[in-house]
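Visitor: Dropping the sequence and predicted coords here.
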Amino acid sequence: MNKIKTIIRKEWAEVFKNRMVIFTVAFLPLLMTAIPLGIIFSTRGMSSATGGTVDNQLPSEMTQSMCPNGLSGSDCFQVFLVSEFMMLFMLVPVAIPVTIAAYSIVGEKTTRSLEPLLATPITTVELLVGKCLAAVIPAILATYAAFGIFALGIWLIVANKMLLSALLDARWLIAIFIVGPLLALLAVVFSLMISSRVNDPRVAEQISMVIILPVLAGFFGQVAGLFVLNKQLISIVAIVMVGLDAVMVYLATRVFQREQILTRWK
Amino acid sequence: MIHAENLTKQFKDILAVENLSLDVDEGEVFGFLGPNGAGKTTTVRMLTSLIGPTSGSATVAGFALGKQDTNIRRTVGVLTETPGMYDNLSAEYNLRIFAELCEVKDVTGQIEKYLKMLGLWDRRFDAAGTFSKGMKQKLAIARALLHEPRILFLDEPTAGLDPEGAHLVREFIAELKKEGRTIFLCTHNLEEADHLCDRVGVFKTHLLVVDTPSQLRASVFGRKVIFHLRSVDEGIAGNLRKLDFIREVKVVENKMVITLDDPEIRNPGIVRILVNAGADIQFVGELRHSLEDVYLQLVKNA
């Protein structure tokens, strides 16, 4: 456990000296928070002006699952708009750890520090867990912090308590507190696998960014009305993610072979 | 302390190490010499359990390779071919990471000890990236020693250093030798090997020969004694050639170079013969071939 902590502290000491990483960790969550808050702020006055008409144009699945009785059409529309951005919000726990983890192993290769590191009594599992947590923890903290700001902002902007509870319903909580960390873990394990197979940090980062595509696809799919991200669907996503993470962790331990990483590197 | 038996490493179609068998005793400084690409680093990687052998077996400090790898890594200190420091982090923090990973109890004390010993204490808070190559190498040596390993693997410790830096590192290795540590020294610097090593092994995919530097000289070139005379009479040289303990007599200007096996025993007799024959002996000394000559001869023949 102590060795894992040492690896985490070492990774953070190195990574957070890089301004680009700090920028990614800080900027992305702020952007993903600012967009939905901005939408809610700019549409907050629509309630009295258009009350009761907008919900007719929304998908019935959406109004049933997201808009409790008593919520006006325009309020329901606000819930809909913010829901569209939930998938975008999920970019935070994916993009941040990719930035950190993609460099993790290949960076050690380029600085030639991997061999001395592997020559210590650290086990492969300790090294991988340390590297994983070093990327996952900032991602989860940034996601939680962004969600905290988002929730606080909504509480300040929205006067209607029913709208408030609809905006911060179980879907968001499942997404932020369950799917978010699972996505972060998936992204990190994927990036570590890539990082241990390539010889160039830029290649590692570019390939690792592929992991963002499913999240973007989900966002555009929802915007296009292909599906509605209701409580049931997000729960299914969470369960699938658990399975995917387990498979990826297993694959990562198989892919991370000390000898291959050392001897294939030139 | 190190025992290897038929250690072999094959990388696809490249045979890097073939049937390496050797023993290194406790407290011995063993020089591992060989040309680039001979498989020296691969051997070090195998013996430090960084990579596994294709076949063969070895024990390091009594721990079996492939079965007790973590114990081996706990027992040995490794100076890798390149220092491999975290350039953004301070010298002190670089060492702290490795001290913690190597389960050092008094982390701060050990860091202070070796930074002071290697003259880096005043720069301890500076980023390793700002260090010169020599300073980085010294920092890497400190890193390899933090957990007080019984066995040290040093891969080209003075490569790329200026003469002063190389001298400092060599002196430091000599100090470690005095402490009784077992040192496995991979080097291209044959003068360094001659100066520091109790025994050397010349290696090119397989081990060509292992012996003390002086025995290697004797076995490859024989021992040579040079007699400086006021003038050399070919007749005297001819008489000496007839003696059964003399392997060769060469005359170069006013010098006679005699190759024989036991100069300590035979020299007084030769001197008597020369004096009785009327030769004026100006100077007598042993002609020492450098280890480089020995090495080049062995590698050429391999």
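Guide: Right, received. Where do you want to start?

Visitor: make it CA atoms for all contacts and neighbour counts henceforth
Guide: Noted.

Visitor: Quick one: residues contacting the nearest residue to residue B:3 once chain neighbours are set aside.
Guide: Of all residues not flanking residue B:3 in the chain, residue B:23 sits nearest, at 4.6 Å (CA to CA, 6 or more residues apart in numbering or on different chains). Neighbouring residues of residue B:23 by CA atoms under 8 Å, 6 or more residues apart in numbering or on different chains: B:1-4.

Visitor: Am I right that residue B:23 falls within a helix?
Guide: No - under DSSP: H, G, I helix; E, B strand; the rest coil, residue B:23 sits outside any helix and is assigned strand.

Visitor: pLDDT at it, what is it?
Guide: We have a pLDDT of 92 for residue B:23.

Visitor: Of all the residues in the stretch 151-266 of chain A, which one is nearest chain B?
Guide: For the stretch 151-266 of chain A and chain B, the shortest gap (CA to the nearest CA) falls at residue A:259, measuring 4.9 Å.

Visitor: re earlier: could I get the contacts of residue B:23 as CSV with secondary structure, neighbour count and pLDDT?
Guide: Converted to CSV, the contacts of residue B:23 look like this (DSSP: H, G, I helix; E, B strand; the rest coil; neighbours: other CA atoms under 10 Å in any protein chain shown; pLDDT from 0 to 100):
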residue, secondary structure, neighbour count, pLDDT
B:1, coil, 16, 87
B:2, strand, 18, 92
B:3, strand, 19, 93
B:4, strand, 19, 91
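
Visitor: Between those residues, which sits nearest chain A?
Guide: residue B:2 (16.8 Å).

Visitor: Could you pull up the contacting residues of the closest one?
Guide: B:22-25, B:58-62.

Visitor: Let's see that with 6 Å instead.
Guide: Residue B:2 makes contact with B:23-24, B:59-60, according to CA atoms under 6 Å, 6 or more residues apart in numbering or on different chains.

Visitor: What residue in chain A comes nearest to chain B?
Guide: residue A:113 (4.0 Å).

Visitor: Next, count neighbours for that residue.
Guide: 19 (other CA atoms under 10 Å in any protein chain shown).

Visitor: can you list contacts of stretch A:99-109?
Guide: Residues outside stretch A:99-109 that contact it (CA under 6 Å, 6+ apart): A:114, A:135, A:188, A:191-192, A:195-196, A:199, A:201, A:204-205.

Visitor: For residue A:56, give me the pLDDT.
Guide: 56.

Visitor: Can you name the residues of the stretch 51-200 of chain B sitting close to chain A?
Guide: B:51, B:70, B:73-74, B:84-85, B:101-102 (CA under 6 Å from any CA of the partner chain).

Visitor: repeat that with 8 Å
Guide: Contact residues (CA under 8 Å from any CA of the partner chain) of the stretch 51-200 of chain B with chain A: B:51-52, B:70-71, B:73-74, B:78-80, B:82-86, B:88-89, B:97-98, B:100-102.

Visitor: among those, which are in helices?
Guide: Taking DSSP state H, the ones among these that sit in helices are B:70-71, B:73-74, B:97-98, B:100-101.

Visitor: Can you tell me which residues in the stretch 151-266 of chain A are near chain B?
Guide: So the stretch 151-266 of chain A meets chain B at A:258-259 (CA under 8 Å from any CA).

Visitor: Okay, now the unreliable bits of the stretch 151-266 of chain A?
Guide: Per-residue confidence for the stretch 151-266 of chain A (pLDDT under 70) gives these ranges: A:264-266.

Visitor: Mind doing that once more with 90?
Guide: A:151-176, A:192-234, A:250-266 (pLDDT under 90).

Visitor: can you give me the helices in it?
Guide: In the stretch 151-266 of chain A, the helices defined using DSSP state H, counting those that start in this stretch lie at A:161-167, A:170-174, A:180-197, A:201-208, A:212-223, A:231-255, A:258-264.

Visitor: Need the winner for burial among these.
Guide: Ranked by mean neighbour count, the helices of the stretch 151-266 of chain A are led by helix A:180-197 with a mean of 28 (mean count of other CA atoms under 10 Å in any protein chain shown).

Visitor: What lies in contact with it?
Guide: When contacts are defined by CA under 8 Å, 6+ apart, helix A:180-197 is touched by residues A:90, A:93-95, A:97-98, A:101-106, A:132, A:135-136, A:139-140, A:143, A:201, A:204-205, A:207-208, A:211, A:238, A:241-242, A:244-245, A:248-249, A:252, A:255-256, A:261.

Visitor: Can you name the residue of the stretch 201-302 of chain B nearest chain A?
Guide: Relative to chain A, the nearest point of the stretch 201-302 of chain B is residue B:205 (16.7 Å; CA to the nearest CA).

Visitor: Tell me which residues touch that residue, please.
Guide: Applying CA under 8 Å, 6+ apart to residue B:205 gives the contacts B:15-18, B:38-39.
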